[in-house]
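Q: would you be able to build a 3D model of this:
(2 chains)
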Amino acid sequence: NAGVMQNPRHLVRRRGQEARLRCSPMKGHSHVYWYRQLPEEGLKFMVYLQKENIIDESGMPKERFSAEFPKEGPSILRIQQVVRGDSAAYFCASSPPIGNNSPLHFGNGTRLTVT
Amino acid sequence: SQQGEEDPQALSIQEGENATMNCSYKTSINNLQWYRQNSGRGLVHLILIRSNEREKHSGRLRVTLDTSKKSSSLLITASRAADTASYFCATDVGSFNKFYFGSGTKLNVKP
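A: Prediction:
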């Protein structure tokens, strides 16, 4: 029973390029969350998605960032025209569709470095 | 900010000692969860305590919740070197299972 799978584990992009981060939730989970973590800091909520639906994107920058969770395939976090400040670890988590009190299951993250 | 905030930021103890970490938050919550993160890895769920619960145990872990003070504590008894990690509290606000994380307590257990 595979856990949350994120790829790539490490991603290096030059300023101005696009970064695509992928997340496959645990089997049976239909809720996906993206978090961002800077070194020595906690996780900052970015976006919460269900299949084909963005539930809450209040933590995501209005420009350059977008997320999707299509009917088929992984969830994608897309960062256009990356800048050095986008360098961070991006974590995806998933939970089952059973309402509140469900713990989050995290992937091992994608470490984005912008040069 | 609605985030939980952990205290202390860093804690260094000897193997066998107990480790206590605290978390304070600002708004009413449905539940509070504690997570652990090993270096370079994702977070692992440890324990969940609901707002109507005051104390919960799981193995060597003991969590308390005081909603009047908006605070929680995580106690790890008889610590081991393998407990070395960062520990985060997460509070949920609203009805969408959306969690806010604090900055974490970095625990170092010396063998």
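Q: what residues are up against residue B:73?
A: B:20-23, B:63-64 (CB atoms under 8 Å, 6 or more residues apart in numbering or on different chains). In this view, the C-beta of every residue, glycine as well, is placed from N, C-alpha and C.
Q: residues in chain B within reach of chain A, list them.
A: Chain B comes close to chain A at residues B:3, B:30-31, B:33, B:35, B:40-45, B:48, B:50, B:88, B:90, B:92, B:95-104, as judged by CB under 8 Å from any CB of the partner chain.
Q: what about burial for those residues, which qualify?
A: B:3, B:31, B:33, B:35, B:42-43, B:45, B:48, B:88, B:90, B:92, B:97-104 (16 or more other CB atoms under 10 Å in any protein chain shown).
Q: which strand or helix spans the one residue sitting closest to the centre of chain A?
A: Centroid check for chain A by CA atoms, centre = their mean gives residue A:34 as the closest residue, at 3.4 Å. Taking DSSP states H and E as the criterion, residue A:34 maps to strand A:31-37.
Q: quick check: neighbours of that strand in the sheet, parallel or antiparallel?
A: strand A:43-50 (antiparallel), strand A:88-95 (antiparallel) (DSSP bridges).
Q: do I have it right that residue A:77 meets residue A:91?
A: No: in this structure residue A:77 lies outside contact range of residue A:91 using CB atoms under 8 Å: 10.2 Å.
Q: that older thread, who touches the strand holding residue A:34?
A: Strand A:31-37 is contacted from outside by A:23, A:25, A:43-50, A:60, A:67, A:69, A:75, A:77, A:88-97, A:102, A:104, A:109, B:97-99, B:101, using CB under 8 Å, 6+ apart.
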